[in-house]
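Visitor: Return atomic coordinates for the entry below.
(one chain, ligands or ions: 1)
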Amino acid sequence: MSILLLFPVLFFAGCDKQGAAERDARQQAKPGYQVAKTFCSQCHELPLGYQHPPDAWPYVVSRMEGHMEAAHKRIPSAAEHDAIIGYLQSK
Ligand code: HEC
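Guide: Got it, this is the predicted structure:
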């Protein structure tokens with residue numbers, strides 16, 4: 001393969017890595033991150049807020065609390081529940 005064809009591929013791969021690191025840092029700086037991380041990464045990766053529109057998150061989190069109950073895991077308190085939803089709804 002010619003180097004001219006390879007260059008854009010490497011360039012964009014590099015950008016994407018940097019973008020992901022910045023996105024992670026931004027997510028971790030948001031209030032509620034630690035609470036959400038503690039509860040929501042027990043069974044799968046912590047989801048990103050933009051996976052659902054803000055008003056859909058309360059339903060998703062309640063459904064997840066049902067999974068936690070079924071799996072005999074600790075259920076978030078009312079304050080933790082609100083903190084998780086606040087984290088997921090923030091930009
Ligand atoms: C006890 C295990 C468990 C925990 C803890 C858990 N989940 Fe899930 N999650 C699941 C399972 C099982 C599915 C697939 C079935 C479903 O979607 O209900 C899923 C699917 C999802 C999906 C993809 C489906 C959709 O509706 O978009 C999202 C987003 C999600 N979980 C978010 C969360 C969040 C936010 C938390 C923390 C409040 C969380 N999960 C905690 C088990 C869990």
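
Visitor: Sticking with Pro76, tell me its helix or strand.
Guide: Per DSSP states H and E, Pro76 falls between elements, in no helix or strand.

Visitor: Next, work out how far apart it and Tyr59 are.
Guide: Per C-beta to C-beta, to the nearest Å, Pro76 is found 15 Å from Tyr59. In short, each C-beta sits where N, CA and C put it, glycine included.

Visitor: The two - which one has more neighbours?
Guide: Pro76 (21 against 10; other C-beta atoms under 10 Å).

Visitor: Can you give me every residue that contacts the more buried one?
Guide: 35, 39, 65, 68, 84 (C-beta atoms under 8 Å, 6 or more residues apart in numbering).

Visitor: These into TSV, with extra columns for pLDDT?
Guide: Formatted as TSV, those follow (pLDDT from 0 to 100):
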residue	pLDDT
Val35	98
Phe39	98
Glu65	98
Met68	98
Ile84	98
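
Visitor: Need the per-residue pLDDT for Val9.
Guide: Note on Val9: pLDDT of 57.

Visitor: Also Arg23?
Guide: What the model reports as pLDDT for Arg23 is 85.

Visitor: so how many other residues sit close to it?
Guide: There are 11 residues near Arg23, going by other C-beta under 10 Å.

Visitor: and the one helix or strand Leu88 maps to, which residues are buried?
Guide: In this assignment (DSSP H and E), Leu88 forms part of helix 78-89. For helix 78-89, the neighbour count (16 or more other C-beta atoms under 10 Å) marks 80-81, 83-89 as buried.

Visitor: just for this protein, where's the confidence low?
Guide: Along the chain, segments meeting pLDDT under 70 span 1-15.

Visitor: Show me what from it comes close to the ligand.
Guide: 39-40, 42-44, 47, 51, 60-61, 63-64, 67-68, 71, 73, 84, 88 (C-beta under 6 Å from any ligand atom).
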